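K.L.:
okay, sequence plus prediction incoming.
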Amino acid sequence: MLDIILWIVLGAVAGWIASIIMGRNASMGLLANIVVGILGAVIGGFVMNFFGASGASGFNLYSLIVAILGAVILLFIVGLFTRRSRV
């Protein structure tokens with residue numbers, strides 16, 4: 001149970017930092033930050049494995065950085081689709 005809570009906290013922090021980096025902080029709430037952060041950890045893990053490094057490995061700084069990287073990638077891709085639909 002504690003692992004799930006820690007992943008939620010890590011996801012919230014990673015999603016929040018990624019939303020600040022991508023300039024979307026004002027439009028995202030806590031739940032969106034958690035979802036983006038957790039999905040970002042998965043995406044970041046795939047990206048890191050592709051380059052030969054390990055993915056998210058627990059509740060540590062390296063996993064936070066991997067999750068932020070993946071969350072930034074996710075927000076960038078979502079931004080591409082939302083911009084095209086407004087045109």
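P.N.:
That came through fine.

K.L.:
element containing residue 19?
P.N.:
helix 2-21 (DSSP states H and E).

K.L.:
let me see the mean pLDDT of the very next helix or strand once past that helix.
P.N.:
Next helix or strand after helix 2-21 toward the C-terminus (DSSP H and E): helix 30-50. For helix 30-50, the mean per-residue pLDDT is 92.

K.L.:
so what touches helix 30-50?
P.N.:
Outside helix 30-50, the residues that touch it by C-beta atoms under 8 Å, 6 or more residues apart in numbering are 7-8, 10-16, 18-19, 28, 54-56, 63, 66-75. All C-beta atoms are positioned from the backbone trio N, CA, C, and that covers glycine.

K.L.:
and the residues you listed, which are buried?
P.N.:
The neighbour count (16 or more other C-beta atoms under 10 Å) marks 7, 10-16, 18-19, 28, 55-56, 63, 66-75 as buried among the contacts of helix 30-50.

K.L.:
what sits against residue 18?
P.N.:
36, 37, 40, 68, 71, 72, 74, 75.

K.L.:
kindly recompute the last result at 7 Å.
P.N.:
Counting by C-beta atoms under 7 Å, 6 or more residues apart in numbering, residue 18 makes contact with 36, 40, 68, 71, 72, 75.

K.L.:
could you do residue 69 as well?
P.N.:
44, 47.

K.L.:
apply 6 Å and report the result again.
P.N.:
Taking C-beta atoms under 6 Å, 6 or more residues apart in numbering, we find residue 69 in contact with residue 44.
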